[in-house]
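[1] Whatever this is, show me its structure:
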Amino acid sequence: MSDPLHANAREVLLAWQPVDASQSSLRDEYVAHLDEHADGTWRECRIGHITGSALVMDHSRTRVLLTLHPKVGRWLQMGGHLEPGDATLRDAALREAREESGITDIEISQFPLRLDRHRVRCAADESTHLDVQFLGLVAPDAQEVISEESDDLRWFALDELPTDLDNSVRNLIAAALVA
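    As a prediction, this is how the structure comes out:
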């Protein structure tokens, strides 16, 4: 039986136009992973799996909402595993952004901004997240609500980002500013 979310993830990745050779190569790796693993969109694929995330910014793109991830202990964009109720990869990123930010009115980008592959401890095992990163825009007066999935949730002006912010998040913010 065919998995519609798997098919959608592959379709989204192939339709996406990467901005550079590095992102193009990463996209090709993601597509190859999906071609090799019928369960490549699910956390049960222990070697690695597709995840969806969204960088939440205000419409002026002068502030970014970041979550202090409890397992990683770092400020990150909203995101996580795909779930059976997600119709599309984009829907998964939007759901994660809503769940983790508490903001329901989020305008999510049609296509990803970037891809980021990283090793994580997932269900007590080492695994690889093949993260597909979208942009989520919200009204300037949007009110965040911290969830149990976060140690903290905070708006940052772009000139006041945490000094130890991961390069993957910095690269995602840079991509959002030119998208």
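
[2] what about Thr41, neighbour count?
    Neighbour count of Thr41, defined by other Cβ atoms under 10 Å: 28. Where C-beta positions appear, they are placed from N, C-alpha and C, glycine not excepted.

[3] Let me see the contact set for it.
    Counting by Cβ atoms under 8 Å, 6 or more residues apart in numbering, Thr41 makes contact with 3, 5-6, 9, 34, 49-50, 82, 89.

[4] Buried ones among those residues?
    5-6, 9, 34, 49-50, 82, 89 (16 or more other Cβ atoms under 10 Å).

[5] I'd like the list of these that fall within strands, please.
    49-50 (DSSP state E).

[6] can you put the buried ones among the contacts of Thr41 in CSV and add distance to Ala174 and pLDDT?
    Formatted as CSV, these follow (distance: Cβ to Cβ, whole Å; pLDDT from 0 to 100):
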residue, distance to Ala174, pLDDT
Leu5, 29, 96
His6, 30, 96
Ala9, 24, 98
Leu34, 27, 98
His49, 26, 93
Ile50, 23, 97
Leu82, 26, 97
Leu89, 22, 97
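
[7] packing partners for the helix ranked longest in the chain?
    Selection of the longest helix in the chain by residue count, based on DSSP state H, yields helix 21-36. Where contact means 3 or more Cβ pairs under 8 Å, 6 or more residues apart in numbering; DSSP states H and E, helix 21-36 is packed against helix 4-15, strand 49-58, strand 114-122, strand 125-138.

[8] Work out the gap between the helix or strand following the second one and the centre of the chain.
    Towards the C-terminus, the helix or strand next in line after strand 49-58, according to DSSP states H and E, is strand 63-68. Chain-centre distance of strand 63-68: 13 Å, with Cα atoms, centre = their mean, to the nearest Å.

[9] sorry, back to before: would you turn the helices and strands packed on helix 21-36 into a markdown table with distance to Leu161?
    Output for the helices and strands packed on helix 21-36, formatted as a markdown table (distance: least, Cβ to Cβ, whole Å):
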| stretch | distance to Leu161 |
| --- | --- |
| helix 4-15 | 28 |
| strand 49-58 | 12 |
| strand 114-122 | 17 |
| strand 125-138 | 16 |
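
[10] Need the winner for burial among these.
    Looking across the helices and strands packed on helix 21-36 with neighbours counted as mean count of other Cβ atoms under 10 Å, the highest average goes to strand 49-58: a mean of 26.

[11] Work out the sheet partners of that strand and label each with its direction, please.
    strand 63-68 (antiparallel), strand 78-81 (antiparallel), strand 125-138 (parallel) (DSSP bridges).

[12] In JSON lines, list the contacts of Thr41 along with distance to Glu148.
    Below are the contacts of Thr41 laid out as JSON lines (distance: Cβ to Cβ, whole Å):
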{"residue": "Asp3", "distance to Glu148": "29"}
{"residue": "Leu5", "distance to Glu148": "25"}
{"residue": "His6", "distance to Glu148": "29"}
{"residue": "Ala9", "distance to Glu148": "27"}
{"residue": "Leu34", "distance to Glu148": "31"}
{"residue": "His49", "distance to Glu148": "23"}
{"residue": "Ile50", "distance to Glu148": "24"}
{"residue": "Leu82", "distance to Glu148": "20"}
{"residue": "Leu89", "distance to Glu148": "24"}
